[in-house]
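A.B. asks: Here is my input; please provide its structure:
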Amino acid sequence: MNTLIVYCHPSKKSYTFQVFERLKAVLQKQNLNFEVSDLYEMNFQSDMSETEYEREGFIKTELPIPQDVLAEHAKIERADCIIFLYPVWWSDCPAKLKGWFDRVYSVGYAYGQNDLFPKMKTLKLGLIICTAGHPNAFLNETGIAQSMQNIMLNDRLGKRFEQKEMLILGGTLELEKVIGHHMQQIEEIITKIKELS
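C.D. replies: The predicted structure follows:
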């Protein structure tokens, strides 16, 4: 199974980067093909241009899709599984990843009708992996976990994936207490990808 990792964090000193490195190592160990969209490394433009807004807002599918967005479309079409990896900032993903959805899920491709170009295929598996300072118990108690799951799984992944799952790696403010369990969870989630291959 071909996997696309959409990774979003600005710092290589972060725990999210450690998770990213572990994720890649486990995929390699399982002999699974993958490619990466490292949104900060590639300086992905998260803001929509005026022309893009006119294309999206007024459903002007005759307007061109930017080349960087088309490059992401090509990666999606090569993938069977997409893993979105990011830190939780103020109960959501970073703005750069939100901008990826705003721009890459373009009208006529990810939603709406068109006769000009291919629509986004339905992928086998969509995985959300996010790191969070607060423990999962707190995120569940406050409803933040459910809110994030609703937005990411039901809206952003929606019907574009046959199977969807969200893994919240919480409690990173006391990292020594959770890191072993988190790394085990990453192993388990890659096993799931392997089983679907």
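A.B. asks: Where do the helices of the protein begin and end?
C.D. replies: Here the chain has its helices, by DSSP state H, at 15-29, 50-57, 67-78, 95-104, 136-141, 144-149, 175-196.
A.B. asks: Now do the contacts for Leu85.
C.D. replies: Leu85 makes contact with 5-9, 16, 19-20, 23, 129-130 under the criterion CB atoms under 8 Å, 6 or more residues apart in numbering. C-beta: built from backbone N, CA, C; applies to glycine.
A.B. asks: which of those residues count as buried?
C.D. replies: Neighbour counting with 16 or more other CB atoms under 10 Å marks 5-9, 16, 19-20, 23, 129-130 as buried within the contacts of Leu85.
A.B. asks: related to what we said a few turns ago, turn the helices of the chain into CSV, including distance to Gln113 and mean pLDDT.
C.D. replies: Output for the helices of the chain, formatted as CSV (distance: least, CB to CB, whole Å; pLDDT from 0 to 100):
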stretch, distance to Gln113, mean pLDDT
helix 15-29, 35, 97
helix 50-57, 14, 95
helix 67-78, 17, 98
helix 95-104, 18, 98
helix 136-141, 38, 97
helix 144-149, 29, 98
helix 175-196, 30, 93
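A.B. asks: which one of those lies closest to Pro118?
C.D. replies: With distances scored as CB to CB, the stretch of the helices of the chain nearest to Pro118 is helix 67-78 (7.6 Å).
A.B. asks: and the angle for that closest one with helix 50-57?
C.D. replies: Helix 67-78 and helix 50-57 are oriented at 50 degrees to each other (axes from the mean of the first three to the mean of the last three CA atoms, to 10 degrees).
A.B. asks: And the contacts of helix 67-78?
C.D. replies: Contact with helix 67-78 is made by 2, 4, 35, 37, 44-45, 65, 82, 100, 103-104, 106, 109, 118, 120-121, 123, as judged by CB under 8 Å, 6+ apart.
A.B. asks: Can you select the buried ones from those residues in ChimeraX?
C.D. replies: Here is the ChimeraX command that picks out the buried ones among these, judged by 16+ other CB under 10 Å:
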select :2,4,37,44,45,65,82,100,103,104,106,109,120,123
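A.B. asks: from the contacts of helix 67-78, which ones fall inside strands?
C.D. replies: Among those, the ones falling in strands (DSSP state E) are 4, 35, 37, 82, 123.
A.B. asks: wouldn't Ile83 be in contact with Leu4 here?
C.D. replies: Yes: here Ile83 lies in contact with Leu4, judged by CB atoms under 8 Å, at a distance of 7.3 Å.
A.B. asks: Which strand residues bridge the residue most central in space within the chain?
C.D. replies: What sits nearest the mean C-alpha location of the chain, by CA atoms, centre = their mean, is Phe84, with 2.2 Å. Beta bridges link Phe84 to Val6, Ile128 when assigned by DSSP bridges.
A.B. asks: how about it, what does it touch?
C.D. replies: By CB under 8 Å, 6+ apart, the contact set of Phe84 is 6, 8, 93, 97, 126-129, 152.
A.B. asks: likewise Thr191?
C.D. replies: Neighbours of Thr191 in contact, by CB under 8 Å, 6+ apart: Gln30.
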